[in-house]
Every structure is written in structure tokens, then in C-alpha cells.
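> the amino acid sequence is not available; the structure is as follows:
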């Protein structure tokens, strides 16, 4: 093989100005929102709707993503940390109540966002948006907004790559990444004798699956499939190839969360309790979305109702 492992030394910060730090993750997140805005602007023009609706739907999307992603991380991955004292959670090592950090729920800049929470947040936000009389239906909105979600997911995972986070198990594959800038890597299991390990800052780092890139590539393929389908069933092609309402949304759920489910097999656990589960939290949360996608796709195909 041509590649012989990659030592990833990217700095997560682009630059700092006093207390202000501009990070790659934030930049990629902003690019994701901007790209989503332009996609919806194109969609609304193609559908002949008021372009001012692009601003309204984008605002709903931003609020849904940020609030949903943060609460998803808090509730799905670290409820003990944020609510320990209030839940009466006891530390098995000390026998004392685990301290609660409730106010830190608002500190989004410290990290901790969950894509499944973002998905739920988007669904709620778009339901509220779709109640406007000028919007055809809730499923109509979802059929089109998923284009922005699939495309935006690519940039979010690139941001994770720049942060050297959410990567995979050790690998001997030649494209393995040695994430030497992630302090959390010090606590992960490793095989020091494994081929390709290096010593950096007196610590051994071994090649790992760049699952951020696996997932980003999967989301890119998902976006391409959905974009081609939308192009062939909307605008001038709408009359001869009508798109069943809900079909694209169902297909999106199957493809995107199917990618997530598969990639999770290569990922390190994000929190300790996942090691005790038959599947990790990302997979368990993906299963209901995949099942919902299959049901919606089946119902849309049966109805053949197009909007």
C-alpha cells in the first residue's frame, strides 16, 4: 500500500485573540449552516415558494441543532455528570454522591454535542415551523431539509477530525491515524508492540481508524443519492416522476443512520458505561431511526402521494 500511517498533529485552534479562540470545529459548523442555507434557498426557488421562508426555516434549524445536540449529549452520554446529585447517583469508589454540574449544560463551547440529539431537535423544530399555513406539510419540509443535514454532517465530522476526537480502535491498515494531539488518548487501551506505534511527548501512540473520515464519506454518498433523487423528482421532472411524500425522508433515515450504525463498530467508546452494553450508545440510538425510516419508506411507496 502507498500510505504508511498518518501522524495527525493538526491544531484544533485556527488562531487566538486574547481570551478568544477560533477553532476549526466552529468554522466547519458555520460552513455547514451556510451550506444548508444555500441548499434550502435553491430548493425554495425550484419549488416556487417564497424565498423569505429560507430565513425562517434556517433559524428553526439552527436552534433545533444546537439545543438538541447539547441536550442529547447531556442526557444520552453524561447524565451522571450533569445531574448526579439530583439523581442520587453514588460513586462506587467513594460511596459518596456524585457532584452535579447542572450549570455546565449551558457551556456549549466546552464541547459535548450528540448528533442523535440534534436529529431529535431538528424534528421538533421543523414540526413547529411546518405549522405555518404557507408550508405544504411536515413531511414536505422533512423531505427537503434532509439534504442540508446530510451535507452538513460532512463538515461536522471534519471538525471532529481537526479536534482529534471520536476516532476508532487501533488498526494495522496503512491509512491509520496517530492522533497525538488528543489528551484523552492517554487513557485508551493500546498495544505498544503493535507495528506503527510512535512515541510523542513521552507517550506511545498507535494508528487508529479515522472514523471521522469514514462517516464523512458515508454522509457524502448519502447526500449524492438524495440529491440525484430530488433532482429527478422535482422542478421540471415533478409531473412525470412525482416524489411520494415522505419517501426521501425515509430513505435518508435508513442511509444516514445506517452509516452511523456501521461506523460505530470501528469507534472507541465515548463514555465508560458503553463497554457494558451489547452495542454502543450510538448504535442503540440509531436503530429506532433506521426502523422509522423503513416504515416511512414503505408507507410512502404504498400511498404514492406526491407534493
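Received it, and whenever you're ready, just let me know what you need. Here the structure is a predicted model, which means the values were calculated and not measured. Numbering: from 1, shown residues only.

> contacting residues around the residue positioned nearest the centre of the chain?
When Cα atoms, centre = their mean is applied to the chain, the residue found nearest the centroid is residue 115 (3.7 Å). Taking Cβ atoms under 8 Å, 6 or more residues apart in numbering, we find residue 115 in contact with 69, 72, 153, 156, 260. All C-beta atoms are positioned from the backbone trio N, CA, C, and that covers glycine.

> same thing but 7 Å
residue 69 (Cβ atoms under 7 Å, 6 or more residues apart in numbering).

> cool, residue 46 as well?
234-235.

> what distance do you get for it to residue 267?
From residue 46 across to residue 267, the span is 37 Å (Cβ to Cβ, to the nearest Å).

> neighbours of residue 108, how many?
Here the number of neighbours of residue 108 (other Cβ atoms under 10 Å) works out to 14.

> ok, it touching residue 71?
No. Applying Cβ atoms under 7 Å as the test, residue 108 and residue 71 come out as separate, 10.5 Å apart.

> okay, and the common contacts of these two?
With contacts taken as Cβ under 7 Å, 6+ apart, not a single residue reaches both residue 108 and residue 71.

> separation between the residue nearest to the centre of the chain and residue 25?
With distances taken as Cβ to Cβ, residue 115 is found 14 Å from residue 25.

> for residue 287, same thing?
28 Å.

> comparing the two, which residue is more hemmed in?
Between residue 287 and residue 25, counted using other Cβ under 10 Å, the more crowded position is residue 25 (21 against 12).

> which elements pack onto the stretch of helix or strand residue 139 belongs to?
Using DSSP states H and E, residue 139 falls within helix 138-162. Secondary-structure packing of helix 138-162 (3 or more Cβ pairs under 7 Å, 6 or more residues apart in numbering; DSSP states H and E): helix 24-47, helix 115-130, helix 211-232, helix 247-263.

> I figured residue 144 hits residue 43, correct?
Yes. The criterion here is Cβ under 7 Å, and residue 144 meets it with residue 43 at 5.0 Å.

> for residue 169, give me its contacts.
Here residue 169 is in contact with 208-209, 266, 268 (criterion: Cβ under 7 Å, 6+ apart).

> scan those and report the most crowded one.
residue 208 (26 neighbours).

> for residue 6, give me phi and psi.
Per-residue torsions, residue 6: phi -130, psi 120 (degrees, to the nearest 10).

> so who does residue 248 touch?
Counting by Cβ under 7 Å, 6+ apart, residue 248 has contacts 143, 146, 226, 229-230.

> turn those into TSV, including neighbour count.
Shown next, in TSV, are those (neighbours: other Cβ atoms under 10 Å):
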residue	neighbour count
143	29
146	23
226	23
229	18
230	19
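
> possible to save these as a markdown table with pLDDT and distance to residue 252?
Converted to a markdown table, those look like this (pLDDT from 0 to 100; distance: Cβ to Cβ, whole Å):
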| residue | pLDDT | distance to residue 252 |
| --- | --- | --- |
| 143 | 94 | 8 |
| 146 | 93 | 4 |
| 226 | 97 | 6 |
| 229 | 94 | 10 |
| 230 | 94 | 11 |
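
> nearest to residue 120, of the residues you listed?
residue 146 (14.3 Å; Cβ to Cβ).

> quick one: residues contacting the nearest residue to that closest one once chain neighbours are set aside.
Spatial nearest neighbour of residue 146, excluding adjacent residues (Cβ to Cβ, 6 or more residues apart in numbering): residue 252 at 4.0 Å. Contacts for residue 252 were tallied using Cβ under 7 Å, 6+ apart; they are 146, 150, 226.

> pipe those into JSON lines and attach distance to residue 37 per row.
Converted to JSON lines, the contacts of residue 252 look like this (distance: Cβ to Cβ, whole Å):
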{"residue": "146", "distance to residue 37": "15"}
{"residue": "150", "distance to residue 37": "15"}
{"residue": "226", "distance to residue 37": "17"}
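
> closest one to residue 8 out of those residues, please.
residue 150 (25.3 Å).

> what's the closest non-adjacent residue to the closest one?
Nearest to residue 150 is residue 223, by Cβ to Cβ, 6+ apart, at 4.0 Å.

> how about residue 81?
In space, residue 81 is closest to residue 101, 5.9 Å off (Cβ to Cβ, 6+ apart).

> what's the distance between the one you found and residue 78?
9 Å.

> when these two are compared, which one has more neighbours?
residue 78 (19 against 15).

> returning to what we had before: sitting in strands, which of the contacts of residue 169 do you find?
Using DSSP state E, no member of those falls within strands.
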